[in-house]
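> Whatever this is, show me its structure:
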Amino acid sequence: MGAVALWFRVLQAAVLAVVLGMSTAYAQQNDAGPAIGPETNLPLPRYVSLRASEANVRRGPSLSHRIDWVFQRQSMPLQVIAEYGHWRRVIDRDGQGGWVHYRMLSGARTVVIEEPETVLRTRPEPDALENVMLEPGVVARLGDCNPDWCMLTAGGYKGWAPKASLWGVADAEIRD
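Here you go, the predicted structure:
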């Protein structure tokens, strides 16, 4: 590699480190409460879903940054952990992620079933009637949540599932 190419890579890495350092600082909590995104004034971290059927995941917050991979599952829940301009740094349930343009994301909430044999029940109670059993990896639309249960809609079925079986909703999150 030539000296100019090496110098350019070092400069690019330094700029990326500054950008990532600035954006992750916004994701840290402070004494006043949860962190607020500098672009949206929404809490960080927060959950969203993938609007498009495909979205490029970039190494940094611009079109000039390399595409590391492509998310290919519409409605997949993601967690926004940082913001920079029109870009959102997101992670999936495996902790993998990068920078995605905000237009690829939706505020519609979804979750992924994590536990095997997760049952949707008619009421948020462990002994309520069963509607359907969901397999791990199923993406479901998120409705109301109490401290332990969430209302889900998946594949034409609707019911309550234990919050502990889901990825895409915070443990303390209550939704009406």
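
> Bridged to residue 132, which residues?
residue 120 (DSSP bridges).

> again but with residue 140, I slipped
On the basis of DSSP bridges, residue 140 is bridged to residue 111.

> Contact partners for it?
Residue 140 makes contacts with 110, 111, 112, 113, 134, 152, 153, 154, 161, as judged by CB atoms under 8 Å, 6 or more residues apart in numbering. (Each C-beta comes from the backbone N, C-alpha and C, glycine too.)

> does the residue nearest in space to the middle of the chain belong to a helix or a strand, and which?
Centroid-nearest residue in the chain, with CA atoms, centre = their mean: residue 78, separated by 1.6 Å. Using DSSP states H and E, residue 78 sits in strand 77-84.

> circling back to that earlier point, now, the most widely separated pair of the contacts of residue 140?
Using CB to CB, the contacts of residue 140 reach their maximum pairwise distance at 112 and 153, which is 14.0 Å.

> Could you list the low-pLDDT ranges of this protein?
1-33 (pLDDT under 70).

> Show me how far stretch 84-91 is from its chain's centre.
Here stretch 84-91 is found 11 Å from its chain centre; the criterion is CA atoms, centre = their mean, to the nearest Å.

> Give me the buried positions along it.
84, 87, 88, 89, 90, 91 (16 or more other CB atoms under 10 Å).

> Alright, I will stop here.
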